[in-house]
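Undergrad: fold the following for me, if possible:
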Amino acid sequence: MTAPGEPLPTVTELLLARAEDVNPGLLFEDIRWTWADHVQESANRAALLAGLRRPGPFHVGVLMDNVPEYSLLLGGAAFAGAVLVGLNTARRGDALVRDVRRADCQVVITDSRYVELLQGLDLGARVLDIDSAAWHVTMYRHTHSPLEPVPASPDDPLVLTFTSGTGGEPKPVCHTHGTVAGAGRAIASRHDVGTGDTVYLSMPMFHSSSVTAGWSVGLAAGAAVALRRRFSASGFVDDVRRHGATYAHYVGRPLAYVLSTPPDEDDRDNPLRVACGSGASAMDAAEFAERFGCEVVDTYHATEGAIDVPRPPGTPPGSIGRLEGGPEVLDPETGKPCPPAVLDAGGRVANPDAVGELTTTADAFAGYYRDADADAERVRDGVFWSGDLAYRDEDGYCFLVGRSGEWPGAVRLERILSRHPDVGEVAVYTVPAPDVGEQLMAALVLRAEAVFDPDAFAEFLAAQEDLEPAEVPRFVRLTARLPRTATFRVLRRTLTAQRWRSPDPVWWREGPELRFEPLTASSDPIRLDWGARSVRG
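TA: Model (predicted):
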């Protein structure tokens, strides 16, 4: 682990340290590379990239799943002095063109799975297909290229990853050699990952934490990195056993998806020691740890990479973890620390001034690429503002309450609705309403074989002592799945845009009574007298 005051390493240095390492380095299906093989293949790709370079930013877009070439190109970018741009494989058409141009990609490297998506698009970049004959001929010419990396410093950019886009158009975030390598070394040390371990990586590598909390952990530790092309809930345990994975990385809901697979009496017969990631519920984390006999460390993580708050076992329900060593809850107006929250008998925050924005020092944030306005929104006076509203209790444990600009009680209300035994997933958001501004809506994904009972649901809500009358949703949408990004974040803006106009069944309360009725075409709420005040009113 990098000691305080010690210079951060670079990814180039971590790779060079593995140049003669004959231990397993990269695993994919039935193919194996040693770390020494990986380093040489990275040098080959660095030579190829150097030959493609044009004047301007040396940015290389990668549009692929988690295949070996992605890992080798990361190493190649580090050796060539290039910046690898992770392109979201779910983007299409104009959105994909926007990302390629926004990141100033000189070349986009893809494979046969995605190359057709790029045909006919005005990308302003050269496209290379790793499954083409031309690629294999070119790589053959660069076989056994000398290991002559371009000198790199910890502050040099290495990777651009895009934000999830849950709050608007995705923005490219810069990650430096130091942030990538430093995170890998720190996490490997924290979880005692070393030679002989295997890091399992099934989350898309275009996401920042897959690189900083997955790939770089294996590299820094000298552990093998086992890639899965795309996440599979049914294939998770088989992969862990097949590759001998001791450390697994996740983002969002994957633990819940694995838990939804049929249990087996030998589930605990596996080598996994720790699953480390962000976005899992406390219930899912505890159930996963019990079922598979491992530790689950869920960490609050921002795409920008500036804040990491681990949630170790023993953390109070609903908390993202204890704020230590930098992160604070500050008043957005004054910039001063918010006081600890005082909770009433129902668990509600009694002192509103306790709710502020989760922040930290801006040292680990390298900025958005060519977006001074976005930088200014996030960084003020050396402080990184996450946009997440939160409070801390007297013991320093932090609780999220929502996003800045959104209804601040969304996260808390989601926790309450998640207590219902039939509710598997929930998203709370606001929808526009005439005269009163906004009303609350909840989208529910019911557990398998559950049937929505409006009367029982109303009784459940009435029994929740910490639920204010104004917090009871006006609308309840029953859906098979929530719209999510490729990294499993809920797209609340999509739900808000759809409102009650969806093919899914929607139930609603026409008046103040706690009684839900089916919403039909003849009861379009736009034309009705709501008789209620806005949730912000």
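Undergrad: can you check the pLDDT for the residue found closest to Ile31 once you drop the neighbours it is linked to in the chain?
TA: Nearest non-adjacent residue to Ile31, counting by Cβ to Cβ, 6 or more residues apart in numbering: Pro68, 6.8 Å away. Every C-beta, even on glycine, is put in place using the N, C-alpha and C of the backbone. Listed pLDDT for Pro68 reads 98.
Undergrad: now do the phi/psi pair for Pro68.
TA: phi -50, psi -40 (degrees, to the nearest 10).
Undergrad: likewise for Asp344?
TA: phi -80, psi -170.
Undergrad: run through the residues that contact it.
TA: Neighbouring residues of Asp344 by Cβ atoms under 8 Å, 6 or more residues apart in numbering: Ala350.
Undergrad: check the gap between it and Pro408 for me.
TA: To Pro408, Asp344 is 17 Å away according to Cβ to Cβ, to the nearest Å.
Undergrad: now do Asp129
TA: To Pro408, Asp129 is 47 Å away according to Cβ to Cβ.
Undergrad: please apply the same query to Ser281.
TA: 20 Å.
Undergrad: which neighbouring elements make contact with the longest helix seen in the chain?
TA: Ranked by residue count and defined by DSSP state H, the top helix of the chain is helix 35-52. On a contact count with 3 or more Cβ pairs under 8 Å, 6 or more residues apart in numbering; DSSP states H and E, helix 35-52 meets helix 11-16, strand 24-28, helix 68-80, strand 105-110, helix 133-141.
Undergrad: quick one: which of those is nearest Asp331?
TA: Among the helices and strands packed on helix 35-52, the nearest to Asp331 by Cβ to Cβ is helix 11-16 (37.7 Å).
Undergrad: list the buried residues for the closest one?
TA: Val11, Thr12, Leu14, Leu15 (16 or more other Cβ atoms under 10 Å).
Undergrad: reformat those residues as TSV; add distance to Ala95 and pLDDT.
TA: Shown next, in TSV, are the buried residues of helix 11-16 (distance: Cβ to Cβ, whole Å; pLDDT from 0 to 100):
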residue	distance to Ala95	pLDDT
Val11	29	98
Thr12	33	98
Leu14	34	98
Leu15	33	98
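Undergrad: closest one of the residues you listed to Gly178?
TA: Closest approach to Gly178 among the buried residues of helix 11-16 (Cβ to Cβ): Val11, at 8.9 Å.
Undergrad: list the residues that contact Ala463.
TA: Ala463 neighbours (Cβ under 8 Å, 6+ apart): none.
Undergrad: need the contact list for the residue lying closest to His301 once chain neighbours are set aside.
TA: In space, and not counting its chain neighbours, His301 is closest to Ser278: 4.1 Å by Cβ to Cβ, 6+ apart. Under the criterion of Cβ under 8 Å, 6+ apart, the contact list for Ser278 reads Ser209, Tyr250, Val251, Gly252, Asp298, Thr299, Tyr300, His301.
Undergrad: what is the nearest of those residues to Asp156?
TA: Ser209 (20.5 Å).
Undergrad: run a quick neighbour tally on the closest one.
TA: By other Cβ atoms under 10 Å, the residues close to Ser209 number 25.
Undergrad: any buried residues in the strand or helix carrying Leu444, and which?
TA: If you go by DSSP states H and E, Leu444 is part of strand 437-446. For strand 437-446, the neighbour count (16+ other Cβ under 10 Å) marks Glu438, Gln439, Leu440, Met441, Ala442, Ala443, Leu444, Val445, Leu446 as buried.
Undergrad: other SSEs contacting it?
TA: helix 410-417, strand 423-433, strand 475-478.
Undergrad: what's the first helix or strand after that strand?
TA: Following strand 437-446 toward the C-terminus (DSSP H and E): helix 454-463.
Undergrad: now the angle between helix 410-417 and that next one, please.
TA: Here the directions of helix 454-463 and helix 410-417 differ by 120 degrees (axes from the mean of the first three to the mean of the last three Cα atoms, to 10 degrees).
Undergrad: which other residues reach the strand holding Leu444?
TA: Counting by Cβ under 8 Å, 6+ apart, 407, 413, 417, 422-433, 452, 471-482, 495, 499-500, 530, 532, 534-537 sit against strand 437-446.
Undergrad: let's test this: mean pLDDT of that strand, rounded?
TA: 88.
Undergrad: let's see that strand as CSV, backbone CA atoms only.
TA: Below are the C-alpha coordinates for strand 437-446, written out as CSV (Å, rounded to 0.1, in the frame of the first residue of the first chain):
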residue,chain,number,x,y,z
GLY,A,437,-45.7,20.9,-9.3
GLU,A,438,-44.6,17.3,-8.6
GLN,A,439,-46.0,14.1,-7.1
LEU,A,440,-44.2,10.9,-5.9
MET,A,441,-44.2,7.8,-8.0
ALA,A,442,-42.7,4.4,-7.1
ALA,A,443,-41.7,1.7,-9.6
LEU,A,444,-41.8,-1.8,-8.0
VAL,A,445,-40.3,-5.0,-9.3
LEU,A,446,-42.1,-7.8,-7.4
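Undergrad: how far off centre is that strand?
TA: Offset of strand 437-446 from its chain centre (Cα atoms, centre = their mean, to the nearest Å): 23 Å.
Undergrad: okay, the angle between that strand and helix 454-463?
TA: Following the same axes, to 10 degrees, one obtains 110 degrees for the angle between strand 437-446 and helix 454-463.
Undergrad: show me what strand 437-446 pairs with in its sheet, parallel or antiparallel.
TA: Using DSSP bridges, the strands paired with strand 437-446 are strand 423-433 (antiparallel), strand 475-478 (parallel).
Undergrad: how far out from the middle of the chain is the last one?
TA: If you compare the mean C-alpha spot of strand 475-478 with that of the full chain, they lie 26 Å apart, counting by Cα atoms, centre = their mean.
Undergrad: can you give the contact residues for it?
TA: 431, 439-444, 446, 452, 457, 495, 500, 502, 504-508, 516, 519.
Undergrad: check the longest one too.
TA: The list of residues contacting strand 423-433 from outside it, by Cβ under 8 Å, 6+ apart, reads 253, 256, 406-407, 409-410, 413-414, 417-418, 438-448, 473-475, 482, 490, 492, 495-496, 499-500, 525, 530, 534-536.
Undergrad: if any of those residues are buried, give me the PyMOL selection for them.
TA: In PyMOL, a selection of the buried entries from the contacts of strand 423-433 looks like this (16+ other Cβ under 10 Å):
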select buried, resi 253+256+406+407+409+410+413+414+417+438+439+440+441+442+443+444+445+446+473+474+475+482+490+492+495+499+500+525+530+534+535
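Undergrad: where does pLDDT dip in the stretch 101-250 of the chain?
TA: Within the stretch 101-250 of the chain, the stretches with pLDDT under 70 are 165-168.
Undergrad: if we can go back for a sec, quick check: which of the helices and strands packed on strand 437-446 is nearest to Phe162?
TA: Here strand 423-433 is closest among the helices and strands packed on strand 437-446 (Cβ to Cβ), at 21.7 Å.
Undergrad: can I get that closest one in PDB? Just the C-alpha atoms.
TA: Extracted in PDB, the C-alpha atoms of strand 423-433 (Å, rounded to 0.1, in the frame of the first residue of the first chain):
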ATOM      1  CA  VAL A 423     -40.800  -6.100  -3.300                       C
ATOM      2  CA  GLY A 424     -37.600  -7.100  -4.900                       C
ATOM      3  CA  GLU A 425     -36.500  -3.800  -6.400                       C
ATOM      4  CA  VAL A 426     -37.800  -0.300  -6.000                       C
ATOM      5  CA  ALA A 427     -37.100   3.200  -7.500                       C
ATOM      6  CA  VAL A 428     -38.700   6.400  -6.200                       C
ATOM      7  CA  TYR A 429     -38.900   9.500  -8.300                       C
ATOM      8  CA  THR A 430     -41.100  12.600  -9.000                       C
ATOM      9  CA  VAL A 431     -43.500  13.200 -11.900                       C
ATOM     10  CA  PRO A 432     -44.900  16.500 -13.000                       C
ATOM     11  CA  ALA A 433     -48.500  17.300 -12.000                       C
END
